[in-house]
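Asks: Provided below for reference: sequence and predicted model.
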Amino acid sequence: MFVRKHSKGRKGRSRDPERTRKLLLQAAFREIHKSGFESTGLDTILAATGVTKGALYHHFRSKKAVGYAMVEEVVAKVMVDKWLRPFRSSADPIDTLIGIVKATPLRLEEVRSGCPWNNLAQEMSQRDELFRKHLAKVLHDWQEGIATALRRGQAEGTVRRDLDARETASFLIAMYEGYVTLAKNAQDVNVWKVGIRNIVGWLRSLRAPNEIEAGMDSGES
């Protein structure tokens, strides 16, 4: 927000609407990831930003509207940044996926908080149909992004041609999110370490036969 002069000579606040909206959504993401959607009040989000209630209602009609926008603009971006953006600068989709999985944080606080998308899917999908649809759109884009990369690998001879790319992408996400949930429930980093090892081993099995042999020759671990 910037300062402007009113006609009566008072100092007030001018608005940077996009910045305010972004602050609200980022704060909503942090607070909801920490406490869940139902347990996070608008007052908590406002306290984290210093934004007034009037400014919030200028952008969003309700708490649910904040949630929908947060899924569309923040949760979706987290997914793209983690899972899809790395494909833009990598030649081998299997190597890229292995790198993504291995890069998942192993700090206990990260394990305890779980996956933002997964948390919301479990909490809100049966409670609110629009929430479910927004979350389903994120999942669809996630699956299609991975499937597209796998198809490219098949065309280039690095990924097994007998795979159904979309089903493989879906299975990878299910396996990944399953281990995230198990680790969160156990509050145990070691559960996630086992998950990483198993997922990486499965991903290596997706290589085309000639790529597997090349990896063995190079001493891939």
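Replies: In hand now; what should we look at?
Asks: name the element residue 26 belongs to?
Replies: Here residue 26 sits within helix 17-35, counting by DSSP states H and E.
Asks: from the contact counts, what lies against that helix?
Replies: When contacts are defined as 3 or more C-beta pairs under 8 Å, 6 or more residues apart in numbering; DSSP states H and E, helix 17-35 sits against helix 42-49, helix 53-59, helix 63-70, helix 116-124. Yep, even glycine has a C-beta here, placed from its N, CA and C like the rest.
Asks: tell me which of these lies nearest to residue 16.
Replies: helix 53-59 (10.6 Å; C-beta to C-beta).
Asks: give me the residues contacting that closest one.
Replies: With contacts defined as C-beta atoms under 8 Å, 6 or more residues apart in numbering, helix 53-59 is touched by 15, 17, 20-21, 24, 42, 45-46, 66.
Asks: give me the PyMOL select line for the residues you listed, limited to the buried ones.
Replies: In PyMOL, this line selects whichever of those come out buried by 16 or more other C-beta atoms under 10 Å:
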select buried, resi 20+21+24+42+45+46+66
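Asks: quick one: least confident of the contacts of helix 53-59?
Replies: pLDDT is lowest at residue 15 among those; the value there is 65.
Asks: pull out the buried residues from the longest helix along the chain.
Replies: The residue-count maximum for a helix in the chain (DSSP state H) belongs to helix 129-156. For helix 129-156, a neighbour-count test (16+ other C-beta under 10 Å) marks 131, 134-135, 138, 142-143, 145-154 as buried.
Asks: thought residue 114 was touching residue 179?
Replies: No - look at residue 114 against residue 179 with C-beta atoms under 8 Å: they stay out of range, at 11.0 Å.
Asks: those two: who's more crowded?
Replies: residue 179 (20 against 17; other C-beta atoms under 10 Å).
Asks: in which helix or strand does the more buried one reside?
Replies: Per DSSP H and E: residue 179 is located in helix 165-186.
Asks: I'd like the next helix or strand past that helix.
Replies: helix 189-204.
Asks: would you put the C-alpha positions of that following helix in PDB?
Replies: Taking Å, rounded to 0.1, in the frame of the first residue of the first chain, the C-alpha atoms of helix 189-204 are listed here in PDB:
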ATOM      1  CA  VAL A 189      11.200 -39.200   8.800                       C
ATOM      2  CA  ASN A 190      12.400 -42.800   8.400                       C
ATOM      3  CA  VAL A 191       9.100 -43.800   6.900                       C
ATOM      4  CA  TRP A 192       9.600 -41.200   4.200                       C
ATOM      5  CA  LYS A 193      13.200 -42.300   3.600                       C
ATOM      6  CA  VAL A 194      11.900 -45.800   2.900                       C
ATOM      7  CA  GLY A 195       9.400 -44.300   0.600                       C
ATOM      8  CA  ILE A 196      12.000 -42.400  -1.400                       C
ATOM      9  CA  ARG A 197      14.100 -45.500  -1.700                       C
ATOM     10  CA  ASN A 198      11.100 -47.600  -3.000                       C
ATOM     11  CA  ILE A 199       9.900 -44.900  -5.400                       C
ATOM     12  CA  VAL A 200      13.300 -44.300  -6.900                       C
ATOM     13  CA  GLY A 201      13.800 -48.000  -7.400                       C
ATOM     14  CA  TRP A 202      10.400 -48.200  -9.200                       C
ATOM     15  CA  LEU A 203      11.200 -45.200 -11.300                       C
ATOM     16  CA  ARG A 204      14.500 -46.800 -12.500                       C
END
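Asks: thanks again, I'm all set now.
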